[in-house]
Structure formats: C-alpha cells, structure tokens
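Asker: starting from these lines, generate the structure:
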Amino acid sequence: MERCGWAGSEQIYIDYHDSEWGVPEWDSRALWEKLILDGFQAGLSWITILKKRDNFRAAFDDFDPHAIAGWGEDEVSRLLADPGIIRHRGKIEATIGNARAWAEIEAAQGFDRYLWDFVGGKPVQNEWGHLSEVPPFTPLSEAISKDMKKRGFRFCGPTIVYAFMEAVGMVNDHLTTCHRYEPVRAMGEAAA
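Answerer: The predicted structure follows:
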C-alpha cells in the first residue's frame, strides 16, 4: 500500500495519515484545535505534536475556545510548568488570543463557514505526483493568513495555514499515487 512519503514508518504517523490527514473537517471547534496544534508545531516536527496531542487536549480543556478565551496569567503559568506540552509562552498566549478571535468569528458567521468560504465550500483537489511538487504555501494560504492576522490571530503565517488546510481537507494534497488520494477526493466531491 503506497502512502505519501512524509508518513514515514512510525505507527502514530501512519494512522494519522491514513485516517485523519486530508479528511474534510466541518466542525468549528475541531478546526480551531487543528489550527492551534499547527501553530504549536512551528519550528518542530508534526510527529512531536501528535505524540503530545492527548496531553495538549488535557492541558487546554479539550480545546474549548469559549473556556480558553477567558484564561489569563494563572493558566499561562500552569501551562508553562506542564512538561506534557510544548512550553512556549508566545504560543500559549497566542492560543488564548486566538480563542478570543475564534469566538468573534464563530458568533458572527461560524468559524467553519469563515474558513470554508475561502475555498468556495469544497476542497481544492490537487494532483501532485511527487512530494517535491507540494508547495509550502500558496497565494490562498497567504490571503487566509493575512485575513486571520487582521482579525487578531497569531502563529498563523502562510506556511502554518497551508499545513492546516492540508490537515483539515481544505486542500487534498495526498499524492496521486497514495492509497488515500481517491477516497479523500471522493469525500471532497460529496461535500460539494
């Protein structure tokens, strides 16, 4: 069975590739969680985040943005002392600010709709044959990043946003040779 080359040989990575990555996500809270985790991944490998994901969920109140929006210095200090997560003050503080930005968008139109409107409500279906063809960011991820920053989000540069878009299925970047390409494509077409 052929997979995208980045999936490697560790079971946690293979499972993530085979069951989550690229599958269209429509839930506002789940989208926010994945955006936050992609922000924490900046400068690190994704497998580091995957291995700590359950710890992140426990430490961040199961990524409830309504709860996190009300956090302050006490919670920042608690998280900085938690060895189960990435202890980076800037990323932790950004998560709290991002929860507040999420809440504004969620109340106005829904965070899910906000994001999916950028791609017309359906995944972009790419057709990459080689990992070297997949871009680190696109004009679309640059536009989304710019808009998110304008709305108060942090740790959402174009590269982070593109990785997020791939993860939540806004773009199908499974290689055409990957066994997940066609099933993920079908999920995207069914959503249209």
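Asker: buried residues in the longest helix anywhere in the chain, which are they?
Answerer: Secondary structure assigned by DSSP state H gives helix 89-108 as the longest helix of the chain. The neighbour-count check on helix 89-108 (16 or more other Cβ atoms under 10 Å) flags 91-96, 98-99, 101-103, 105-106 as buried. Where you see a C-beta, it was placed from the backbone N, CA and C, and this is true even at glycine.
Asker: what does stretch 146-161 rub up against?
Answerer: 35, 38-42, 90-91, 94, 97-98, 100-101, 104-105, 136-138, 141-142, 144-145 (Cβ atoms under 8 Å, 6 or more residues apart in numbering).
Asker: swap in 7 Å and give it another go.
Answerer: The contact list for stretch 146-161 (Cβ atoms under 7 Å, 6 or more residues apart in numbering) reads 35, 38-39, 42, 91, 94, 97-98, 100-101, 105, 136-137, 141-142, 144-145.
Asker: ok, stretch 166-178 next?
Answerer: For stretch 166-178, using Cβ under 7 Å, 6+ apart, the contacting residues are 2-4, 21-25, 31, 34, 38, 115, 119, 123-129, 131, 134, 165, 180-181, 184-185, 188.
Asker: mind checking how far that stretch is from the chain centre?
Answerer: 13 Å (Cα atoms, centre = their mean, to the nearest Å).
Asker: numbering from 31 from now on, please.
Answerer: In the new numbering, first residue 31, that becomes stretch 196-208.
Asker: show me which positions of it end up buried.
Answerer: Those would be 196-205, 208, for stretch 196-208 by 16+ other Cβ under 10 Å.
Asker: mind checking which of those land in helices?
Answerer: Using DSSP H, the buried residues of stretch 196-208 in helices are 196-197.
Asker: reformat the buried residues of stretch 196-208 as TSV; add pLDDT.
Answerer: Output for the buried residues of stretch 196-208, formatted as TSV (pLDDT from 0 to 100):
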residue	pLDDT
Glu196	98
Ala197	97
Val198	98
Gly199	97
Met200	98
Val201	98
Asn202	97
Asp203	98
His204	97
Leu205	97
Cys208	97
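Asker: export the buried residues of stretch 196-208 to a markdown table and tack on distance to Trp101?
Answerer: Output for these, formatted as a markdown table (distance: Cβ to Cβ, whole Å):
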| residue | distance to Trp101 |
| --- | --- |
| Glu196 | 29 |
| Ala197 | 25 |
| Val198 | 24 |
| Gly199 | 29 |
| Met200 | 28 |
| Val201 | 32 |
| Asn202 | 35 |
| Asp203 | 33 |
| His204 | 36 |
| Leu205 | 40 |
| Cys208 | 39 |
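Asker: now, the buried residues of stretch 196-208 that are in strands?
Answerer: Under the assignment DSSP state E, the buried residues of stretch 196-208 contribute 201-202 to strands.
Asker: list the helices and strands the helix or strand hosting Glu212 packs on?
Answerer: Assigned by DSSP states H and E, Glu212 belongs to helix 211-221. Here helix 211-221 touches strand 201-202, going by 3 or more Cβ pairs under 7 Å, 6 or more residues apart in numbering; DSSP states H and E.
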